[in-house]
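Visitor: kindly generate the corresponding structure for this input.
(one chain, ligands or ions: 1)
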Amino acid sequence: MIFRQRHLLDIESLSVEELTAILDLADRFLEISERPIKKVPTLRGRTVVNVFLEPSTRTRVSFEIAEKRLSADAVNVSGAGSSTSKGETLLDTVRNLEAMSPQIVVLRHQEAGAAHFLAARIDAAVVNAGDGAHAHPTQALLDCATLRRAKGRLAGLQVAIVGDLAHSRVARSDIVALRRLGAEVRVTGPRTMLPPGLAELGARVVPTLAAAVEGADAVIMLRIQAERAGGQCLFPSTREYARTFGLNAAALAGAHPEAIVLHPGPINRGVELAPELADGPRSVILEQVTYGVAVRMAVLYLLAGSPPVE
Ligand code: NCD
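Guide: Numbers count the residues shown, from 1 in each chain. Model prediction:
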């Protein structure tokens, strides 16, 4: 078996073979979501606890649907309704959950490193569903799966990532995954939103939206993650931001004629992305969401010890 990970914490830990194995398996699982009865018995009798201590719509629902389609028993814990709001530490919460013997814990947390911290301390497999501004590996995997399906390959693709890279765990994981799978990545955004270290990750930093988009096969737009900026305002006004780094049809005209547009969601319409593009024929944003379920099914399946696919 190519897949040797006990946890899925970040993209850096995965070899090219492991990344490819997840994408290939996701392609197979995509078909289950197209069946009239969207359920296979593969993870019957296994328990997965989804601990979401930060807001989430897509990722949370996607994990839960993936677990249900594989017949796992899925249990959800959210921040506001849990004892973390009574002052319990993350480790105590999860140790108590672990005493109920889940096989997998899926964690979304506001602190970078939370998933690594847990993985070193509990027996269950840990899946990082987003930790602070650090990593969001399943989002990067679903972005790669969507791109690979739309373009037929990843090697040699020119991908632009635009916006608030400083606070984007999605961008960090995307850059590492895309580079590892052979794509070229250009990034841009306001100077205040470009953290150091992007070049070390393998991205080419360019100064303008036009430079990032020029000839690109795909453009991944990012939301301004104000909630992670600690109250700091990193750009003069929303209107100014939309004018300089917002993607609209005129800006996309510089890309490859068949370029596609991605966004991890939630979209701030009219800020980073014009509605006509979000809803237009070049958008694969809802395909990303569909692939999200298949990719998470693949990850859960591989971490659960690869029972036979039925
Ligand atoms: C992203 C996240 O939470 O990191 N959304 C997601 O998981 N689909 C991006 C964002 O919040 O802007």
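Visitor: what does this protein have sitting close to the ligand?
Guide: 58-59, 130, 136, 139, 169-170, 223, 225, 264-265 (Cβ under 6 Å from any ligand atom). (C-beta placed from N, C-alpha, C; glycine too.)
Visitor: in strands only, show me those residues.
Guide: Using DSSP state E, the subset of the residues of the chain next to the ligand located in strands is Gly130.
Visitor: quick one: the helices in the stretch 1-150 of the chain?
Guide: 16-30, 58-69, 90-98, 114-119, 137-151 (DSSP state H, counting those that start in this stretch).
Visitor: most tightly surrounded among the ones you listed?
Guide: helix 137-151 (a mean of 25; mean count of other Cβ atoms under 10 Å).
Visitor: how many degrees apart are the helix ranked longest in the chain and helix 16-30 in direction?
Guide: Identified as the longest helix of the chain according to DSSP state H is helix 285-303. Angle of helix 285-303 versus helix 16-30, following axes from the mean of the first three to the mean of the last three Cα atoms, to 10 degrees, is 110 degrees.
Visitor: if we can go back for a sec, mean pLDDT lowest for which of the helices of the stretch 1-150 of the chain?
Guide: Mean pLDDT values for the helices of the stretch 1-150 of the chain show the minimum at helix 90-98, a mean of 91.
Visitor: residues in contact with that one?
Guide: Applying Cβ atoms under 8 Å, 6 or more residues apart in numbering, the set of residues contacting helix 90-98 from outside is 49, 51, 53, 77, 82-84, 105, 107, 109, 114, 117-118, 121-124.
Visitor: which of these fall within strands?
Guide: Counting by DSSP E, the contacts of helix 90-98 contribute 49, 51, 77, 105, 107, 109 to strands.
Visitor: break the chain down into its domains, please.
Guide: The chain breaks down by automatic domain parsing into domains covering 16-135+289-303, 137-288.
Visitor: closest one to Phe3 among those domains?
Guide: Closest to Phe3 of the domains of the chain is domain 16-135+289-303 (Cβ to Cβ; 4.6 Å).
Visitor: if I pick Asn128, what's in contact with it?
Guide: Contacts of Asn128 by Cβ under 8 Å, 6+ apart are 7-10, 107, 115-116, 135-138.
Visitor: what sits closest to the most centrally placed residue in the chain if chain neighbours are left out?
Guide: Centroid check for the chain by Cα atoms, centre = their mean gives Gln139 as the closest residue, at 1.4 Å. Nearest residue to Gln139, sequence neighbours excluded (Cβ to Cβ, 6 or more residues apart in numbering): Val170, at 4.9 Å.
Visitor: that neighbour: neighbour count?
Guide: 28 (other Cβ atoms under 10 Å).
Visitor: one step back: now render the residues of the chain next to the ligand as CSV, adding distance to Leu209.
Guide: Listed next are these as CSV, based on distance: Cβ to Cβ, whole Å:
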residue, distance to Leu209
Arg58, 25
Thr59, 27
Gly130, 26
His136, 23
Gln139, 22
Arg169, 22
Val170, 18
Arg223, 16
Gln225, 18
Pro264, 18
Gly265, 20
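Visitor: quick one: low-confidence parts of this protein?
Guide: Counting by pLDDT under 70, the chain contains low-confidence ranges at 1, 306-310.
Visitor: burial of the residue of the stretch 101-250 of the chain found nearest the ligand, as a residue count?
Guide: In the stretch 101-250 of the chain, the residue that lies nearest the ligand is Arg223 (3.6 Å; Cβ to the nearest ligand atom). Using other Cβ under 10 Å, Arg223 is surrounded by 20 other residues.
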